[in-house]
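In: got a predicted structure plus its sequence, pasted below:
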Amino acid sequence: MSDTLKIGIDLGSRKAKFALMRGDEIVRLADLDTIAFYKKYGSIVNDELSLDLLGSGIFSADELAQAQITVTGYGRNSINLHGARVISEIKAHVAGARTQTGLANFTLLDMGGQDTKVAQVVASRLTDFVMNDKCAASSGRYLENMAAVLEVSLDELSSHSEEPVALDATCGIFGESELIGQILRGYPVSRLCAGVNLTLVKRVMPMLKRFPSDTLVITGGVALNGAMVDLLRAQCGMEIVIPKHPQHNGAIGCASNP
Amino acid sequence: MRRVGFTTTIPLEVLVAAGVVPIDLNNVFITHPEKASLIEDAELTGFPRNVCAWIKGIYGAVVASGVQEMIAVTEGDCSYTKALMEVLSLNGVRVYPFAYPAGREAAPLKAEIEKLMSVFGVDWPQVDEAKRRLDRIRTKVHEIDRLTWQENRVTGEENHYFQVCTSDMNGDLDAFESEVDAFLAQAAQRPERKERIRLAYLGVPPIVSGLYDFVEEVGARVVFNETQRQFSMPYGIQDLVEQYRAYSYPYDIFHRLGDIGRELEKRKVDGVIHYVQSFCFRQIEDMVLRKSIKLPILTLEGDKPGDLDARTKIRLEGFLELLEERN
């Protein structure tokens, strides 16, 4: 069993993530921009989206022939991958977090391109979860927009947590004009970046409050935002664990889920 | 024939006694072929975007259907109805307010019913006669409900449909009773269904379509439709005032919880879908439900009418996986 080759694919709103695993060992991780991936390697065959995985060059023909393929993410139900298994995103992310951390009891916060999910895992089992469903202002896309308004890189934005400027707009897009207003008031970019990171924390706190536990595992691309994680640590009172590959957590979960 | 609309379930006996055609405006809205445009029309008229789509849909339904008279439930349901009543009065619609007393007291409820009776010129013997006629149909709909949870021969959607229709009996008692009879005759002959997971649906009826079908596609079934069942007056109470006191929908959440708790237990439910409508005060009650019900709860929020969206499907799938793991 342990040398079985498995491929996990997580089709997110911003990135398509891939994982190749042999048993518990991660052999390879890769990602591509979702839209570019679909444009280049996707085609419609009999009303279904078909993906040319071999053409993408991520996996060899041998690997594709041997491995069991598991997919999650948006549009997964319309994707035609011969022999592929489809699982829900919640299941994939919980499995990924368990595989990567070895923990059995934790709260999972997954912050991706547009989705924010919070799940509670007790004795290795998913017991409850919530997911943002009306607004993506607590997501990576929001951070990208705000970084563009501030004319800073995502790395720069993710490095400031000191003295955050208050940003209160409930809407991620109105938040842009609010940010411009604060720029006009002369606040330094570092404090504005910290303010943006803090809005993310404020938006996920009500979801986290529902599932208290000792440990908070953070996954998704937003987990790479160190400043946001620092601000969250100060507010949530949980021990924070960030797995080694937060962005590939869903793909790893697909490849490792029994 | 004289047609009278209403905004939520009212003592239907009064309208039946008066020989008028009862019209549940929610049903007119949700079955309208252009239901999305009814909401757009209401917004163009000036209804705010952040007001519940049911209110805007009801407004559109009144305008589109040409209803000239209606009963507006001003206490015990949506407070937006008061403003809706005012706007429609301005449009020349005759509106009669009806209030379920917040404290569920018998005397003021009786007074409200008698006020309605005087508007429609009927007396108690006529109302009691109408109740007997309605109860005959209600009893048959209760049998459909029993076939749903006890004998497992009826789908969640069918259960929803027949119970939700009891608010106005589709405006035609005889035709509806025939439909119920025909359904019962064939449903009783069906093989037993074998879904792995049994769900309860709590909250107002969904504005979105396809929920019940999707749940069944993935191996579960709704065996308890809370509010819809309430519309069918499930307790078999003889006294009219007591019947509308027992009816749980217009009163406080704790009265509703009594009914919910009993039915979850009796129907052997594995998990709960709590449907809430965007911009509705009942969304707040989700907190109370979560504290009071020990089963896993998935809260779904609906806004505009339409098919179940991809995001909601993902959440439903995750929830059902969670329930499977627990079983």
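Out: Structure's in. What do you need?
In: pLDDT below threshold where in the stretch 51-200 of chain A?
Out: Low-confidence segments of the stretch 51-200 of chain A, defined by pLDDT under 70: A:75-82.
In: quick one: residues contacting the closest residue to chain B within chain A.
Out: Proximity of chain A to chain B (C-beta to the nearest C-beta) peaks at residue A:90, 3.4 Å away. Just so you know, the C-beta spots here come from the backbone N, C-alpha and C atoms, and that holds for glycine as well. Taking C-beta atoms under 8 Å, 6 or more residues apart in numbering or on different chains, we find residue A:90 in contact with A:117, A:119, A:126, A:129, A:131, B:314, B:317, B:318, B:321, B:322.
In: go ahead and confirm residue B:283 touches residue B:277.
Out: Yes - taking contact to mean C-beta atoms under 8 Å, the distance of 7.4 Å between residue B:283 and residue B:277 places them in contact.
In: for the residue sitting nearest the centre point of chain B, give its distance to residue B:160.
Out: With distances taken as C-alpha atoms, centre = their mean, the residue of chain B nearest its centroid is residue B:228 (4.1 Å). The gap separating residue B:228 from residue B:160 is 5 Å, by C-beta to C-beta, to the nearest Å.
In: ok, residue A:227 next?
Out: Remark: distance between residue A:227 and residue B:160 (C-beta to C-beta) = 48 Å.
In: report the separation between residue B:120 and residue B:15.
Out: Applying C-beta to C-beta to residue B:120 and residue B:15 gives a distance of 7 Å.
In: what about the two, which has more around it?
Out: Under the neighbour definition other C-beta atoms under 10 Å in any protein chain shown, residue B:120 and residue B:15 were set side by side, and residue B:15 has more, 25 against 19.
In: how about that one, nearest residue that isn't a chain neighbour?
Out: Distance criterion C-beta to C-beta, 6 or more residues apart in numbering or on different chains; nearest residue to residue B:15, sequence neighbours excluded, is residue B:22 at 4.4 Å.
In: what residues does the stretch 101-250 of chain A have near chain B?
Out: Selection of the stretch 101-250 of chain A residues close to chain B by C-beta under 8 Å from any C-beta of the partner chain yields A:125, A:126, A:127, A:128, A:129, A:131, A:133, A:134.
In: the contacts of residue A:90 in helices, which ones?
Out: Among the contacts of residue A:90, the subset assigned to helices under DSSP state H consists of B:314, B:317, B:318, B:321, B:322.
In: contact partners for the first one?
Out: Read that as residue B:314. A:88, A:89, A:90, A:131.
In: now, those that are in strands?
Out: When strands are assigned by DSSP state E, the members of the contacts of residue B:314 inside them are residue A:131.
In: which of the contacts of residue B:314 sits closest to residue A:251?
Out: Distances from those to residue A:251 were compared by C-beta to C-beta; the smallest belongs to residue A:89, at 11.3 Å.
In: how about the closest one, what does it touch?
Out: Residues counted as contacts of residue A:89 (C-beta under 8 Å, 6+ apart) are A:10, A:72, A:73, A:115, A:117, A:250, B:314, B:318.
In: now for the residue lying closest to the third one once chain neighbours are set aside, how many residues are close by?
Out: In this structure, residue A:73 finds its nearest non-sequential neighbour in residue A:11, 3.2 Å apart by C-beta to C-beta, 6+ apart. Burial of residue A:11, expressed as a neighbour count using other C-beta under 10 Å, amounts to 23.
In: need phi/psi at residue A:11.
Out: Reported as degrees, to the nearest 10, the phi and psi values for residue A:11 are phi -90, psi 90.
In: identify the bridge partners of it.
Out: In this structure, residue A:11 has beta-bridge partners residue A:16, residue A:73, where bridges are defined by DSSP bridges.
In: what residues does chain B put near chain A?
Out: Residues of chain B found near chain A, taking C-beta under 8 Å from any C-beta as the criterion, are B:278, B:296, B:301, B:303, B:310-312, B:314-315, B:317-319, B:321-322, B:325-326.
In: in the residues you listed, which residue is surrounded by the most others?
Out: Ranked by the number of neighbours (other C-beta under 10 Å), the residues of chain B next to chain A place residue B:319 first, at 28 neighbours.
In: pretty sure that residue contacts residue B:295?
Out: No - distance between residue B:319 and residue B:295: 11.3 Å, which falls outside the contact criterion (C-beta under 8 Å).
In: roughly how far does the closest residue to residue B:307 other than its chain neighbours sit from chain A?
Out: Sequence neighbours aside, residue B:210 is the residue nearest to residue B:307 in space, at 4.9 Å (criterion: C-beta to C-beta, 6+ apart). Spatial separation of residue B:210 from chain A under the definition C-beta to the nearest C-beta, to the nearest Å is 14 Å.
In: please verify my assumption that residue B:207 contacts residue B:302.
Out: Yes - contact criterion C-beta under 8 Å: residue B:207 and residue B:302 qualify, at 4.5 Å.
In: if I look at these two, which residues touch both of them?
Out: In terms of C-beta under 8 Å, 6+ apart, residue B:207 and residue B:302 are both contacted by the residues residue B:277.
In: residue B:283 and residue B:277 - which one has more neighbours?
Out: Between residue B:283 and residue B:277, counted using other C-beta under 10 Å, residue B:277 has the larger neighbour count: 21 against 16.
In: identify the bridge partners of the more buried one.
Out: On the basis of DSSP bridges, residue B:277 takes part in beta bridges with residue B:302.
In: which residues does it contact?
Out: Residues touching residue B:277, when contacts are defined by C-beta under 8 Å, 6+ apart, comprise B:52, B:53, B:54, B:203, B:204, B:207, B:283, B:301, B:302, B:303.
In: quick check: closest non-adjacent residue to the one residue in the stretch 201-327 of chain B that gets nearest to chain A.
Out: When scored by C-beta to the nearest C-beta, the stretch 201-327 of chain B has residue B:318 as its residue closest to chain A, at 3.4 Å. Counting by C-beta to C-beta, 6+ apart, the nearest residue to residue B:318 once its immediate chain neighbours are dropped is residue A:90, at 3.4 Å.
In: check residue B:243 too.
Out: Taking C-beta to C-beta, 6+ apart, and ignoring the residues beside it in sequence, residue B:243 has residue B:237 as its nearest neighbour in space, at 4.3 Å.
In: equivalent analysis for residue B:23, please.
Out: That would be residue B:5: by C-beta to C-beta, 6+ apart, it lies 4.5 Å from residue B:23.
In: and the pLDDT at that neighbour?
Out: What the model reports for residue B:5 is a pLDDT of 97.
In: got phi/psi on it?
Out: The main-chain torsion angles of residue B:5 are listed as degrees, to the nearest 10 and equal phi -90, psi 160.
In: isn't it up against residue B:64?
Out: No - because the distance of 11.4 Å does not satisfy C-beta under 8 Å, residue B:5 is recorded as not touching residue B:64.
In: the two - which one has more neighbours?
Out: Residue environment comparison for residue B:5 versus residue B:64 gives the larger neighbour count to residue B:5, 25 against 17, counting by other C-beta under 10 Å.
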